[in-house]
Each structure stands twice: as C-alpha cells, then as structure tokens.
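> Dropping the sequence and predicted coords here.
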Amino acid sequence: MRILKLYILDDNILWLLEEIIESFSPGLPLGNLTSQLFVNIYMNEFDQFMKHKLKIKYYIRYADDFVIFSRDKVGLENSIPQIRDFLKEKLKLELHPDKVFIKTLASGVDFLGWINFIDHRVLRTATKRRMMKRMKGTQKSGTTQSYLGLLKHGNTFKIRKRILR
C-alpha cells in the first residue's frame, strides 16, 4: 500500500484498494483487472532502478517476471546481487533461486510459458502438459478457442492439429 499511496491520494479509493488486496492471500489476485494496474505501479520503482541505477539497456518485464539481455556476462553476474537486494529491501519480493540463469540466446529464453529463440518460439513442455490436461476435462469451445489463440503465437502446428482432432 505504501507505493500505491504515492500515486493515489483519495482516501476512499485507497480504502477500497486495500479491501481488495487484503481479501486475497499474499500477492495480487491474478484474475482481477486491477492487478494489471497495481503490478505496474508496484514494479515501476524496479523498472526505474534497472534503467537508471543499473543502466540495463535491454530489459523486458511482464508483472513480476523479467529477462535481461546483455553481451556482458560479468556485468550480468554483478547485477544479480544488486537486483536481489533491491527486490527484497524495497518491494519485499525475492528472486526464485531456480529461475535465475545466464544463458546464450541460441539456447533460448524461457519467458511466460514459451522458449523464445532468435527466429521462432516453442511452447514450454510444462505449459503444453498443463494445457493438454486442462483441455482433457472440458468440452467448452471457448476454452479450446482461447488455447488455439495462444498457440498461434509460436511454432505449434502439431499441438493445434492434436487439439482439433
């Protein structure tokens, strides 16, 4: 709430937002439309830190997931403790120990359920399994259409063919 109070001055709105946020377990409610706004307000301080303090040029963030691109491996290695400290001290967030890696672009960038390569992307295996499991138990055409829409954004011809049979 500390960060929201910097941007929102109306006490009634702050009260309502606090009611919404505290009605869920720690963190923001994923399906709530206000969460999209809140996460950007909350993470803005981190974006500014990355850009102005660390001088990170190539950085992509969606909610609290992010990737950094650099040719300087040592610079990336040196940034990790600073990023970890900033997130912990300022935003009360922690980097997941199993999700921090330095890799080459050729090996693919795992981000938001996809493995992204320079010229294509493929669905992460765990994402594919979860999707197929969810679809097995449903006959809803809306669910199928939603997944097909998602799958249009990568190399997924065989998966889409399997869904449509």
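Cool, the structure landed. Keep in mind the model is a prediction, meaning the values are calculated, not measured.
> in this protein, which spans are helices?
Secondary structure of the chain (DSSP state H): helices located at 2-7, 11-22, 33-48, 73-91, 125-136, 141-151, 157-164.
> need these in TSV with mean neighbour count, can you?
Using the backbone N, CA and C atoms, a C-beta is placed for each residue, glycine as well. Shown next, in TSV, are the helices of the chain (neighbours: other C-beta atoms under 10 Å):
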stretch	mean neighbour count
helix 2-7	12
helix 11-22	12
helix 33-48	15
helix 73-91	13
helix 125-136	12
helix 141-151	13
helix 157-164	11
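> what number of residues lie near residue 114?
20 (other C-beta atoms under 10 Å).
> need the contact list for it.
Residue 114 is in contact with 121-124, 127, 153-154, counting by C-beta atoms under 8 Å, 6 or more residues apart in numbering.
> about what we covered before: using CSV, lay out the helices of the chain together with distance to residue 106.
Below are those laid out as CSV (distance: least, C-beta to C-beta, whole Å):
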stretch, distance to residue 106
helix 2-7, 38
helix 11-22, 41
helix 33-48, 28
helix 73-91, 14
helix 125-136, 19
helix 141-151, 24
helix 157-164, 23
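> Between these, which one is closest to residue 55.
Of all the helices of the chain, helix 73-91 sits nearest to residue 55, with 9.2 Å by C-beta to C-beta.
> in the sheet, who's paired with the spatially most central residue of the chain?
The C-alpha lying nearest the average C-alpha coordinate of the chain belongs to residue 65 (C-alpha atoms, centre = their mean; 3.3 Å). Beta-bridge pairing for residue 65 (DSSP bridges): residue 62.
> I figured it hits residue 111, correct?
Yes. Using C-beta atoms under 8 Å, residue 65 is in contact with residue 111, at 6.7 Å.
> What separation is there between the residue nearest to the centre of the chain and residue 104?
20 Å (C-beta to C-beta, to the nearest Å).
> ok, residue 71 - how many residues close by?
Residue 71 - counted by other C-beta under 10 Å - has 7 other residues nearby.
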